[in-house]
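Engineer: sequence? don't have it. structure:
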């Protein structure tokens, strides 16, 4: 939502505007390489709080001090690094301190991510219409700082106590190279990457695709995206109540499969009503897939939750960089409509590779 205003202010080409997302993911991937070593050696509560603090500072820097495209690119690279550290550490932290019922709390964590995805476009549109894209960033930075302050006074000491009782630093953790040699890790990483590529590719290009249908429908694309993310919220809320290690493999298979079919039907039938019905269905069916994969990964490697989550997010970040570009290339050659089935293909690929996941009885 903010990108058109950024492009206008700095007089950027579409290619330069798209590079901002590339800078973000490059920073994220660099941070994830560091996390491969540090994620299971440092207390995860520290990683959660420090990354949240740095994200707040970076948002403030972008909103208050950005005067050039160069500074904006560097800031987004830093933002990509801090948010990826937070993503990894908070997933691993929630898993570590909830040895009982972790499937509920991990899904519930991702429910809050989904709520943010629903509210984000509304917040950005409001800021653009009344203020500016810079205001959107520094206000969000202040909001981060306020939430961090509240959390420090209400939760930090308790979270450290819980973390200590569960063994914060895992002396029995496996070397990261041994984890990488396990085929199950690559299966889960590929599945997570396919999910991420499908979601990022769809969100990136659907507004442009909607504009090709009609101007009126283009105006509705934001509503469809918000309803799509609302499907995420509902999916993850339901998954938090029914997910277990015993049924995780089946649920991953069925959600990615039904999500893929929903995406495919929406763009094959290509009628206005089908987008509302099947894209919202795609969000509902596939929304819980990623947190379920993270749950299985953390349960499989309980002493290396940080390391294995980092590996998953590296796959996610690479996919988030490549898939939108791939869809853009297809769109340049054959029209953006020809690229829209790509999310369905990726979810089908996630379904196929998930068949290789081991069945578990616990």
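Structural biologist: Thanks, I have it. Please read all numbers here as calculations on a predicted model, not as lab measurements. Numbering: from 1, shown residues only.
Engineer: ok, residue 164 to residue 51 distance?
Structural biologist: As judged by C-beta to C-beta, to the nearest Å, residue 164 and residue 51 stand 20 Å apart. Heads up, the C-betas are built off the backbone N, CA and C, glycines and all.
Engineer: please identify which of the two sits among more neighbours.
Structural biologist: Between residue 164 and residue 51, counted using other C-beta atoms under 10 Å, the more crowded position is residue 51 (22 against 13).
Engineer: pretty sure that one contacts residue 79?
Structural biologist: No: with contacts counted by C-beta atoms under 8 Å, residue 51 stays clear of residue 79, the gap being 10.8 Å.
Engineer: now the common contact residues for these two.
Structural biologist: Common contacts of residue 51 and residue 79, defined by C-beta atoms under 8 Å, 6 or more residues apart in numbering, are absent altogether.
Engineer: how about the nearest residue to residue 331, chain neighbours excluded?
Structural biologist: residue 339 (4.7 Å; C-beta to C-beta, 6 or more residues apart in numbering).
Engineer: can you report how many residues lie near the one you found?
Structural biologist: 24.
Engineer: got the contact list for it?
Structural biologist: With C-beta under 8 Å, 6+ apart, residue 339 has these contacts: 201, 205, 326, 327, 328, 330, 331.
Engineer: now it: how far from residue 202?
Structural biologist: 10 Å.
Engineer: ditto for residue 104
Structural biologist: Taking C-beta to C-beta, one finds residue 104 at 28 Å from residue 202.
Engineer: between the two, which has more neighbouring residues?
Structural biologist: residue 202 (26 against 16).
Engineer: in three-state terms, label the more buried one for me.
Structural biologist: Counting by DSSP: H, G, I helix; E, B strand; the rest coil, the backbone at residue 202 sits in helix.
Engineer: would you confirm that it contacts residue 341?
Structural biologist: No: using C-beta under 8 Å, residue 202 is not in contact with residue 341; the gap is 10.4 Å.
Engineer: mind listing the shared neighbours of these two?
Structural biologist: Contacts common to residue 202 and residue 341, judged by C-beta under 8 Å, 6+ apart, are residue 263.
Engineer: of the contacts of residue 339, just the buried ones, ChimeraX syntax please.
Structural biologist: With 16 or more other C-beta atoms under 10 Å as the criterion, this ChimeraX line picks the buried residues out of those:
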select :201,205,327,328,330,331
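Engineer: tell me the one among the contacts of residue 339 nearest to residue 31.
Structural biologist: Taking C-beta to C-beta as the measure, residue 31 lies nearest residue 201 of the contacts of residue 339, at 22.7 Å.
Engineer: the closest one and residue 190, how far apart?
Structural biologist: In terms of C-beta to C-beta, residue 201 sits 16 Å off from residue 190.
Engineer: which element is residue 311 on?
Structural biologist: helix 305-334 (DSSP states H and E).
Engineer: which SSE is immediately downstream of that helix?
Structural biologist: The helix or strand immediately downstream of helix 305-334 is helix 336-339, counting by DSSP H and E.
Engineer: buried ones in that next one?
Structural biologist: Buried-residue list, helix 336-339, by 16+ other C-beta under 10 Å: 336, 339.
Engineer: show me the contacts for the spatially most central residue of the chain.
Structural biologist: Of all residues in the chain, the one closest to the mean position by C-alpha atoms, centre = their mean is residue 196, 6.8 Å from it. Shown in contact with residue 196 (C-beta under 8 Å, 6+ apart): 290, 315, 316, 317, 319, 320, 323.
Engineer: next, count neighbours for residue 99.
Structural biologist: For residue 99, using other C-beta under 10 Å, the count is 11.
Engineer: residue 321 too?
Structural biologist: Neighbourhood size, residue 321 [other C-beta under 10 Å]: 19.
Engineer: in the stretch 201-350 of the chain, where is pLDDT below threshold?
Structural biologist: Within the stretch 201-350 of the chain, no range satisfies pLDDT under 70.
Engineer: try it again with 80
Structural biologist: 215-216, 218-220, 222, 303-306 (pLDDT under 80).
Engineer: quick one: secondary structure of residue 356?
Structural biologist: Following three-state DSSP, residue 356 is assigned to coil.
Engineer: from residue 295, how far out is the residue nearest to residue 331?
Structural biologist: 31 Å.
Engineer: residue 248 now?
Structural biologist: Residue 248 is 6 Å from residue 295, where distance means C-beta to C-beta.
Engineer: which neighbours do the two share?
Structural biologist: Joint contacts of residue 248 and residue 295 (C-beta under 8 Å, 6+ apart) are residue 103.
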